[in-house]
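> Here you go, sequence then predicted model.
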Amino acid sequence: MSKLSDIYTPIVGVQGFQGDTGTDGVQGFQGTDGIDGVQGFQGDTGIDGVQGFQGSSEVGVQGFQGTDGTDGVQGFQGSSEVGVQGFQGTEGLQGFQGSIGPQASSAGLSWEVVTNNDTIAVNEGFIIDASSNTVDITLPVTPSEGDTIGIKAIDQTNTVTLLRNGSNIEGSADDLVWDIENAGGTLVYSNATVGWTIVTEIN
């Protein structure tokens, strides 16, 4: 009689690929410099006052002092405009995280709890509680390629055994003692030589 612990190796899904890093955003453009204000114009020079007349050599009357010219108007100060600041480029999108590699699945099986000897059918899953007594599970008779069943032991106080029912289990013409505590797996029928083979772990 074979034992699960002699043949069982857990299968781990392949790690997904890391997503590509997002592209960096485009750098914003530098704002243009403001246009310098126009230089104010120089005020016109004031007009000189009229020259006073020279008095005669005689003790004439003193000539009048010419009036001062009017001051030119002060030019206006040119204005200075400031250029507009360029906008900041948007940041690139973050790459997506790679998905986890494919894990063989027990989806699609119809599960039930079993506490006594029973025969499992294709597309069924048995959750086996052997806390009170030994449990023998008889595998389907005359299975076809691709037929699937599920086995999960939740208490192995007593022995759990898979009865091959005429088909090999992992290439052996022996019944299989399910002796790993809390072990579970999906079994698929491959061909007459290999028979039933464990394709994935069920925790």
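Received it, and whenever you're ready, just let me know what you need. Since the model is a prediction, treat every value here as computed from it, not as a measurement.
> use CA for all of it now, contacts and neighbours both
Fine.
> ok, what's across the strand from residue 176?
residue 2, residue 162 (DSSP bridges).
> Quick check, residue 171 in contact with residue 191.
No. Applying CA atoms under 8 Å, one finds residue 171 not in contact with residue 191, separated by 9.4 Å.
> Which secondary structure elements does the helix or strand of the chain with the lowest mean pLDDT sit against?
Least confident helix or strand of the chain, by mean pLDDT, DSSP states H and E, is helix 4-7 with a mean of 79. When contacts are defined as 3 or more CA pairs under 8 Å, 6 or more residues apart in numbering; DSSP states H and E, helix 4-7 sits against none of the other helices and strands.
> Dump that helix to PDB, restricted to CA.
The C-alpha coordinates for helix 4-7 follow below in PDB (Å, rounded to 0.1, in the frame of the first residue of the first chain):
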ATOM      1  CA  LEU A   4       0.800  10.100   0.300                       C
ATOM      2  CA  SER A   5       3.900  11.300   2.100                       C
ATOM      3  CA  ASP A   6       6.100   9.100  -0.200                       C
ATOM      4  CA  ILE A   7       4.800  10.700  -3.400                       C
END
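> what residues does it touch?
Here helix 4-7 makes contact (CA atoms under 8 Å, 6 or more residues apart in numbering) with 170, 176-180.
> for stretch 127-145, same thing?
111-122, 151-167, 188-191.
> For the residue nearest to residue 118 when sequence neighbours are not counted, grab the count of nearby residues.
Nearest non-adjacent residue to residue 118, counting by CA to CA, 6 or more residues apart in numbering: residue 137, 5.2 Å away. A total of 22 residues lie near residue 137 under the criterion other CA atoms under 10 Å.
> Name the helix or strand for residue 137, please.
strand 135-138 (DSSP states H and E).
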